[in-house]
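Visitor: make a model of this:
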Amino acid sequence: MAIDLFIYRIGREIGSMVAALGGIDAIVFTGGIGENDAATRAEVLRAAAWAGFSLDEAANAGGGPLVTRGPGPSAWVIPTDEEAMIARDTRAVLAAMRQPVL
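Guide: Numbers count the residues shown, from 1 in each chain. The predicted structure follows:
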């Protein structure tokens, strides 16, 4: 039930963004679930079929990077290095703390 709610909430947010932006070109899946859970990506894209997404089952099972086909919007799996981003942001904050306050 939790996964169903998760998929529903993602679909709701996609709908909100498509409406606010007047369309959509692409969705990017990243992070732990987005990069590693083909079943969740498939459910999200099936729920967003109304927006023109067409899931490529084989590409999705293989982890992409492109997991859709056809003329509609695309969906991509883009790896992220969350630990590196945290380290960079921490370094920037620490460097800023060493600057004199004017």
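Visitor: could you pull out the helices in the protein for me?
Guide: 2-21, 31-36, 38-47, 57-61, 82-97 (DSSP state H).
Visitor: what's the most buried one of these?
Guide: helix 38-47 (a mean of 18; mean count of other CB atoms under 10 Å). Where you see a C-beta, it was placed from the backbone N, CA and C, and this is true even at glycine.
Visitor: centroid-nearest residue for this protein?
Guide: Phe29 (2.8 Å; CA atoms, centre = their mean).
Visitor: so who does that one touch?
Guide: Going by CB atoms under 8 Å, 6 or more residues apart in numbering, Phe29 touches Glu35, Arg41, Val44, Gly64, Val67, Ala75, Trp76, Val77, Ile78.
Visitor: mind checking how far the fourth one is from Ala92?
Guide: Shown here: Gly64 relative to Ala92, a distance of 30 Å by CB to CB, to the nearest Å.
Visitor: what of the last one?
Guide: The spacing between Ile78 and Ala92, counted by CB to CB, is 22 Å.
Visitor: do the first one as well
Guide: With distances taken as CB to CB, Glu35 is found 25 Å from Ala92.
Visitor: beta partners for Leu66?
Guide: Under DSSP bridges, the beta-bridge partners of Leu66 are Trp76.
Visitor: how many residues are close by it?
Guide: Here the number of neighbours of Leu66 (other CB atoms under 10 Å) works out to 13.
Visitor: so it makes contact with Ser74?
Guide: Yes. Leu66 is within contact range of Ser74, at 6.2 Å (criterion: CB atoms under 8 Å).
Visitor: quick one: residues contacting Leu55.
Guide: Listed by CB under 8 Å, 6+ apart, the contact set of Leu55 reads Ala42, Leu45, Arg46, Ala49, Val67, Thr68, Arg69, Ala75.
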